[in-house]
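Asks: Attaching a predicted model along with its sequence, questions to come.
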Amino acid sequence: MKKYKTLLLENNETGIKKAAALLRAGEIVGIPTETVYGLAANALNASAIRRIFKAKGRPQDNPLIVHIAELNSLYELVMDVSDTALQLAMRFWPGPLTMVFAKKPVIPDILSAGLATVAIRMPSHPTALSLIKAANVPLAAPSANRSGSPSPTTASHVIRDMDGRIPAVLDGGACSVGVESTILDLTGEVPCLLRPGGITPEMIRSVTGKLKIHRAVTAELSRSSMAISPGMKYKHYSPKAHVVLVKGSPQAFTRFVNSRSGEGVVAMCFDKEQYGLEVPYVTYGARGDAAGQARQLFSVLRRLDDIGAKTVYCACPNEREMGLAVYNRLLRAAGFEVIELD
Ligand code: TXA
Ligand code: MG
């Protein structure tokens with residue numbers, strides 16, 4: 001792979017222009033969005049997209065999301081925009097909602113991993129929107145982490161994973177949502193939630209009425225079963241430590257973790273629930289504040305590596321609405337290992 005001296009571009013007109021020029025020249029650039037940082041390339045350039053897969057070490061059967069800045073661009077990329085899709089777009093774009101459509105032939109097969117569909121979103125981060133407009137092409141962008149590790153929510157996370165592998169990262173500050181976008185499949189009769197995120201099931205139902213939640217959101221798919229969203233079958237978001245999700249009251253959690261104390265054992269708990277713990281801990285937001293948990297989740301998972309955690313017992317979040325997005329990521333970080341107390 002080509003070795004780069006990775007530039008950190010500032011969030012101003014010069015930085016955006018430089019990033020846009022790199023993208024137009026077929027290069028890949030780390031970019032901020034409101035969810036997580038993405039690794040962007042011109043979505044209509046197959047060889048640029050190939051570079052994304054290489055830099056990430058991403059399996060070729062996992063398709064990418066396309067980012068647009070104007071609703072008109074959608075019609076150039078997909079076969080049919082249903083009334084439901086249009087209503088959702090009017091309500092939630094720009095924002096953390098990705099919708100899956102039947103693709104037009106302009107979408108390279110490598111982007112869609114050979115599927116007949118393509119996932120599209122309009123991010124709300126102002127820098128992302130300015131950059132897409134300046135590049136004047138739709139941008140394919142997966143999360144900018146090395147495959148398997150937690151998604152980056154700051155430019156320095158991107159540098160840590162991608163230094164030398166990409167020419168530049170555009171710094172847009174810390175991501176305000178903190179977990180990846182909600183993915184909604186609109187190709188069937190009833191909209192189907194493939195990945196929970198900042199646009200919650202209740203928000204979607206307020207527009208569509210009906211909504212199916214794909215089994216893979218909270219359950220492990222067997223290796224052999226063909227996932228609709230191929231990304232769902234890979235282990236994700238994992239720090240190096242072995243993570244176990246623990247369901248139960250704060251008291252039961254504290255008793256349980258203390259009974260397991262030992263070298264490298266770390267508790268990951270809610271704010272103000274650390275009292276009584278006899279092992280090192282990290283907190284990831286207040287129990288009742290799922291949006292706050294989402295914002296911190298991936299940087300806390302990265303911090304666990306920094307402090308040399310070997311086994312992490314993580315207090316389980318609530319599984320409703322925004323909590324579902326946090327729960328979904330933690331389940332994957334834990335490889336679906338859950339202990340129920342009480
Ligand atoms: O918030 C986000 O969505 C971030 C930022 C950068 O926009 N991007 C992101 O991309 O999370 P990535 O590649 O890490 O996750 C994309 C997910 C994968 O699980 C992939 O399988 C799924 O989207 N996906 C992509 N195209 C699809 C399609 N046509 N049908 C179903 N799932 C699709
Ligand atoms: Mg990802």
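Replies: Looks like it arrived, so ask away. Ligands and ions are numbered 1, 2, ... in the order given.
Asks: quick one: contacts for L277?
Replies: By C-beta atoms under 8 Å, 6 or more residues apart in numbering, the contact list for L277 reads 254, 257-258, 267, 269. C-beta here means a position set from N, CA and C on the backbone, and glycine is covered the same way.
Asks: any idea whether it is helix, strand or coil?
Replies: Per DSSP: H, G, I helix; E, B strand; the rest coil, the secondary structure class of L277 is coil.
Asks: What about the residue of the stretch 51-200 of the chain found nearest ligand 1, how many residues nearby?
Replies: Ligand 1 sits closest to P142 of the stretch 51-200 of the chain, with a gap of 2.9 Å, by C-beta to the nearest ligand atom. Residues contacting P142 under the criterion other C-beta atoms under 10 Å number 23.
Asks: That one against Y37, yeah?
Replies: No - the criterion here is C-beta atoms under 8 Å, and P142 misses it with Y37 at 10.2 Å.
Asks: ok, so of the contacts of L277, who is nearest ligand 1?
Replies: Minimum distance to ligand 1 across those is 26.4 Å, recorded for C269 (C-beta to the nearest ligand atom).
Asks: Local confidence estimate at the closest one?
Replies: pLDDT for C269: 98.
Asks: do the same with I166
Replies: Reading off the model, I166 has pLDDT 97.
Asks: if I pick it, what's in contact with it?
Replies: 4, 6, 27-30, 39, 55.
Asks: Next step: those residues restricted to helices.
Replies: Secondary structure from DSSP state H places A55 of those in helices.
Asks: Show me the contacts of I166 that map onto strands.
Replies: Judged by DSSP state E, those include 29-30, 39 as members of strands.
Asks: Can you tell me which of those residues is closest to E340?
Replies: Distance ranking of the ones in strands among the contacts of I166 against E340, using C-beta to C-beta, places L39 first at 37.3 Å.
Asks: excluding its backbone neighbours, what's nearest that closest one?
Replies: A144 (4.2 Å; C-beta to C-beta, 6 or more residues apart in numbering).
Asks: do the same with T154
Replies: Nearest residue to T154 in three dimensions, chain neighbours excluded: A174, at 5.2 Å (C-beta to C-beta, 6+ apart).
Asks: Repeat that for G292.
Replies: Of all residues not flanking G292 in the chain, G285 sits nearest, at 3.8 Å (C-beta to C-beta, 6+ apart).
Asks: which SS state does that neighbour fall under?
Replies: Assignment for G285 (three-state DSSP): coil.
Asks: Next, count neighbours for it.
Replies: G285: 20 surrounding residues under other C-beta under 10 Å.
Asks: For ligand 1, see how far away it is.
Replies: Counting by C-beta to the nearest ligand atom, to the nearest Å, the gap from G285 to ligand 1 is 19 Å.
Asks: Can you report phi and psi for that residue?
Replies: phi 110, psi 170 (degrees, to the nearest 10).
Asks: cool, E340 as well?
Replies: Torsion angles, degrees, to the nearest 10, at E340: phi -100, psi 120.
Asks: does it really touch L245, like I thought?
Replies: No - under the criterion of C-beta under 8 Å, E340 makes no contact with L245, lying 9.6 Å away.
Asks: where along the stretch 1-150 of the chain do the helices fall?
Replies: 13-24, 46-56, 71-77, 83-92, 109-112, 126-135 (DSSP state H, counting those that start in this stretch).
Asks: Nearest to R302, out of those?
Replies: Using C-beta to C-beta, the helices of the stretch 1-150 of the chain put helix 46-56 closest to R302, at 16.5 Å.
Asks: Mind giving me the packing neighbours of the closest one?
Replies: Contacts defined by 3 or more C-beta pairs under 8 Å, 6 or more residues apart in numbering; DSSP states H and E place helix 46-56 against strand 38-42, helix 109-112.
Asks: Quick one: the strands in the stretch 101-250 of the chain, in order.
Replies: For the stretch 101-250 of the chain, the strands defined by DSSP state E, counting those that start in this stretch cover 117-121, 139-140, 168-170, 182-185, 192-195, 212-213, 242-247.
Asks: In CSV: the ones you listed, plus distance to G262.
Replies: Below are those laid out as CSV (distance: least, C-beta to C-beta, whole Å):
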stretch, distance to G262
strand 117-121, 43
strand 139-140, 44
strand 168-170, 38
strand 182-185, 38
strand 192-195, 35
strand 212-213, 38
strand 242-247, 12
